[in-house]
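Asker: Sequence and predicted model, in that order:
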Amino acid sequence: MKIVALDGYTLNPGDNPWDAVSRLGALTVYDRTAPADVVERARGANVLLTNKTPITRETIAALPDLKFISVLATGFNIVDTVAARERGISVSNVPVYGTDAVAQYVFAVLLGMIHQPALHDAAVRAGEWARRQDFSFWLGPIGELSGKTLGVVGFGRIGRRTAELAHAFGMQVLAHDVSQTNPPNWSHFRWAGLDELFQQSDVVTLHCPQTESNKGFVNAAILSKMKPTARLINAARGTLVNESDLAAALNAGRLAGACLDVVSIEPIRPDNPLLQAKNCLLTPHMAWAAVEARRRLMQTTADNIAAFQRGQPIHVVNP
């Protein structure tokens, strides 16, 4: 069986071997593949692996040997699943791998925004502490999370795990989700509508999938409902946020800060307005990338292929 990975570099930049996959067939891994090169590189492949390289209807039609596609991620909109189903090709994803990594990221950046250790380290190294008359100083307000309110938009696995960490910090939790099922039994948890969540939260964190109905929903109107002391974190999908509106709110001081691990076009373009926004942290879509999470992703991909080979595919997104 011939297996081709079209864009394997982010999954394994050198610390996450493909051994579990290579045992299942003749494996070829490309670090990256331009759309124009997909058909040529995938020719003869029975199994195709992709993360962000598009697999279009035209591509599927040009690959008569293709039997199975496994997406190296949870989101699978990169594949034309309808065209694949019409050809009898199962498409699988990896539904669970980065829950802890992404939830941990949220609190890493949140605590960083509150305490600003890098800023203070730079001040110490620049001699500011040595020049002070007091044993202690700080360059801005420092607060506690206990008693503050975290608003979680999207209460799936990652949103729920993030809420659990918030609960451990003593935070109140408001959650918004299209499916309000199995709520935690904490006294400081409740469901909320979007307007109320944005109005009441000290921190809003996004963990929902992007759909046609919520594209750009974090816009000037909903940002205007937030406290000027509040912060926004997005480690979900960049297209959930109207980036111009967020930059304007930050630059006008209508929001205390934001951190975004995802943007609307990746890699980020030099003209993205968030690059010039005040109190805005930007990280390069790395929340998922803990080595443990990537190893889980690799093993589940191998499990997907092995299940397909047995004739019982799992994690199928186009049944």
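Answerer: Thanks, I have it.

Asker: Give the buried residues for the top helix by length along the chain.
Answerer: When the chain is parsed with DSSP state H, its longest helix is helix 291-309. Across helix 291-309, burial judged by 16 or more other CB atoms under 10 Å covers 293-298, 300-309. Using the backbone N, CA and C atoms, a C-beta is placed for each residue, glycine as well.

Asker: What of stretch 70-85?
Answerer: 70-76, 78-81, 83-84.

Asker: For those residues, give me CSV that also has distance to V38.
Answerer: Listed next are these as CSV, based on distance: CB to CB, whole Å:
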residue, distance to V38
S70, 15
V71, 14
L72, 15
A73, 17
T74, 21
G75, 18
F76, 16
I78, 11
V79, 12
D80, 12
T81, 16
A83, 14
A84, 14
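
Asker: Next step: those restricted to strands.
Answerer: Residues from these lying in strands, with DSSP state E as the criterion: S70, V71.

Asker: Any chance of JSON lines for the buried residues of stretch 70-85, columns distance to A26 and pLDDT?
Answerer: What follows is these, written out as JSON lines (distance: CB to CB, whole Å; pLDDT from 0 to 100):
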{"residue": "S70", "distance to A26": "16", "pLDDT": "98"}
{"residue": "V71", "distance to A26": "21", "pLDDT": "98"}
{"residue": "L72", "distance to A26": "18", "pLDDT": "98"}
{"residue": "A73", "distance to A26": "23", "pLDDT": "96"}
{"residue": "T74", "distance to A26": "27", "pLDDT": "94"}
{"residue": "G75", "distance to A26": "28", "pLDDT": "91"}
{"residue": "F76", "distance to A26": "25", "pLDDT": "94"}
{"residue": "I78", "distance to A26": "24", "pLDDT": "95"}
{"residue": "V79", "distance to A26": "22", "pLDDT": "98"}
{"residue": "D80", "distance to A26": "25", "pLDDT": "98"}
{"residue": "T81", "distance to A26": "26", "pLDDT": "98"}
{"residue": "A83", "distance to A26": "25", "pLDDT": "98"}
{"residue": "A84", "distance to A26": "22", "pLDDT": "98"}
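
Asker: Can you tell me which of the buried residues of stretch 70-85 comes closest to Q210?
Answerer: The closest of the buried residues of stretch 70-85 to Q210 turns out to be G75 (CB to CB; 8.3 Å).

Asker: Please tell me I have it right and the closest one contacts V91.
Answerer: No: G75 is beyond contact range of V91, at 11.9 Å (criterion: CB atoms under 8 Å).

Asker: Taking the buried residues of helix 291-309, tell me the two that lie furthest apart.
Answerer: Farthest apart among the buried residues of helix 291-309 - using CB to CB - are A293 and Q309, which lie 25.0 Å from each other.

Asker: the residue most distant from the middle of this protein, which is it?
Answerer: Within the chain, the residue lying farthest from the chain centre (CA atoms, centre = their mean) is Q133, at 44.4 Å.

Asker: and that one, that one's in a strand?
Answerer: No: using DSSP: H, G, I helix; E, B strand; the rest coil, the secondary structure at Q133 is coil, not a strand.

Asker: please renumber so the chain begins at 55
Answerer: Will do, 55 is the new start, and the previous item becomes Q187.

Asker: From the buried residues of helix 345-363, pick the one nearest W72.
Answerer: M352 (7.1 Å).

Asker: Let me know the distance separating that closest one from T64.
Answerer: As judged by CB to CB, to the nearest Å, M352 and T64 stand 12 Å apart.

Asker: what residues are up against F191?
Answerer: Counting by CB atoms under 8 Å, 6 or more residues apart in numbering, F191 makes contact with E182, W183.

Asker: Excluding residues flanking it in the chain, which one is nearest A360?
Answerer: Among residues not flanking A360 along the chain, L78 sits closest, at 6.0 Å (CB to CB, 6 or more residues apart in numbering).

Asker: what ranges do the helices span in the stretch 55-204 of the chain?
Answerer: Assigned by DSSP state H, counting those that start in this stretch, the stretch 55-204 of the chain shows helices spanning 73-76, 92-96, 111-115, 135-140, 153-169, 171-179, 182-185.

Asker: Those: which one's closest to V272?
Answerer: helix 153-169 (15.8 Å).
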